[in-house]
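Q: What follows is a predicted structure for the sequence shown.
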Amino acid sequence: MHFKSVASVVILAAAVIGFFVTQSPQANAGEITVYTSLEEPEIADYLAAARKDMPDLKVNVLRMSTGDLGARILSEASHPRYDVIWGWALTNMMDPRIQALLVPYQPKGLQRMPAQFRDAGGKWFAPTGYMAALCVNTDRLKRKGLPMPTGWSDLLNPAYKGEVVMPNPASSGTGYLQVVSILQGMGGEKGWDFLKHLNVNVAQYAKSGSRPCNMASTGEYAVGASSAIVAMEAVKQGYPVKMVIPKEGAGYELEANALVAASTHKHDAERFLDWTISDSAVKLYGKYKEIVGIAGVRHSADETAVGLPADVKKVLFPMNFKQSMETRSQTLARWQREIEHH
């Protein structure tokens, strides 16, 4: 068990390599436990700001990758030991087994969010989201004599064999949205045929959505399929990386928040959920998120300078989240059978 202290707020890191969390922290009065799949740097920033606004509230956070967190939540279904699900893939949140663990709550300021970012029944709301993007190492492209890809179809070029890294859709929400956007966009067997041909050029499937971009940034591979926010950060940090939004349309996912029915600290949990769409929180979302579900938020000049479209909505693939949820188990089982273990 590893703990990180961030502005007097405890972050309980989840198992990735070398350690495993077997028990959630117990929350006391003025203290809640939150499960999330947000990235650690943004968690730290958000909680530091939350601490300033709510100094009397201690937030314990268990952070796991999207797929692993889903398995944990379901394993604890009969005895939930947490109060809030925060920043978790909407596709996963819509699972009826997860929905059964939640209770409706409408945070203060919810009217600022368009209808597509909140559940009509009040069981979830999604202040943020992320979209797929390719991280392309320009130095490695030049060294290997490879063309600049413009989308998924370009990556079928045999010249990219062994030069592409993708996230594993079974553990990564980013990986799943990439696979699903291809399947939904191409339709059925044509999509599966495409994924099988793409697999020929994929060197490996990383556990997290950010890892492929990190590997491309350092020059291990030419192309890392990741999310736009990770790609933009790599460019800002000075890596020889170009962000490419797939010409076929960028698959995307919304990050949803919800109140857990079994919470024994509902008042404090509701305060935290209110805070997640407060002005303090929204000001930080633009630093980490391509998609912000709060009216009036604009992207900075720095973001557009590194390749983020001025109007993100125009490049998003029209995801069917309900279909993504309903076919998740079958999709992952087939992907593992026909692609990962083929």
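A: Everything's here; your move.

Q: wait, isn't residue 153 in contact with residue 248?
A: Yes. With contact defined as Cβ atoms under 8 Å, residue 153 reaches residue 248; the gap is 6.9 Å. Yep, even glycine has a C-beta here, placed from its N, CA and C like the rest.

Q: measure residue 143 to residue 239 for me?
A: Applying Cβ to Cβ, to the nearest Å, the value for residue 143 to residue 239 is 15 Å.

Q: meant to ask about residue 323, not that
A: In terms of Cβ to Cβ, residue 323 sits 36 Å off from residue 239.

Q: Neighbour count for the two, which is higher?
A: residue 239 (20 against 14; other Cβ atoms under 10 Å).

Q: from what I can see the more buried one touches residue 215, true?
A: No. Between residue 239 and residue 215 there is no contact, the gap being 11.1 Å when judged by Cβ under 8 Å.

Q: Pull up the gap between residue 170 and residue 70, please.
A: Taken as Cβ to Cβ, the span from residue 170 to residue 70 is 10 Å.

Q: Look at the two and report which has more neighbours.
A: Neighbours per residue (other Cβ under 10 Å) separate residue 170 from residue 70, with residue 70 holding more: 24 against 21.

Q: Listing partners with orientation, what would you give for the helix or strand hosting residue 60?
A: Using DSSP states H and E, residue 60 falls within strand 58-63. Strand 58-63 sits in its sheet next to strand 9-13 (parallel), strand 31-36 (parallel), going by DSSP bridges.

Q: next structured bit after that strand?
A: helix 66-75.

Q: Go through that next one and flag the buried ones.
A: By neighbour count on 16 or more other Cβ atoms under 10 Å, the buried set for helix 66-75 is 66-70, 72-73.

Q: do stretch 299-319 as well
A: Those would be 299, 303, 306-309, 312, 315-317, 319, for stretch 299-319 by 16+ other Cβ under 10 Å.

Q: now for those, which pair is the farthest apart?
A: The largest distance within the buried residues of stretch 299-319, taken as Cβ to Cβ, falls between 306 and 319 and amounts to 23.9 Å.

Q: Mind giving me the packing neighbours of the one helix or strand residue 243 maps to?
A: Using DSSP H and E, residue 243 sits in strand 241-244. Judged by 3 or more Cβ pairs under 8 Å, 6 or more residues apart in numbering; DSSP states H and E, strand 241-244 is in contact with strand 125-137, helix 211-217, helix 228-236.

Q: so which of the ones you listed gets nearest residue 280?
A: The nearest among those, by Cβ to Cβ, is strand 125-137 at 12.2 Å.

Q: immediately after that closest one, which helix or strand?
A: Immediately after strand 125-137, counting by DSSP H and E, sits helix 138-144.
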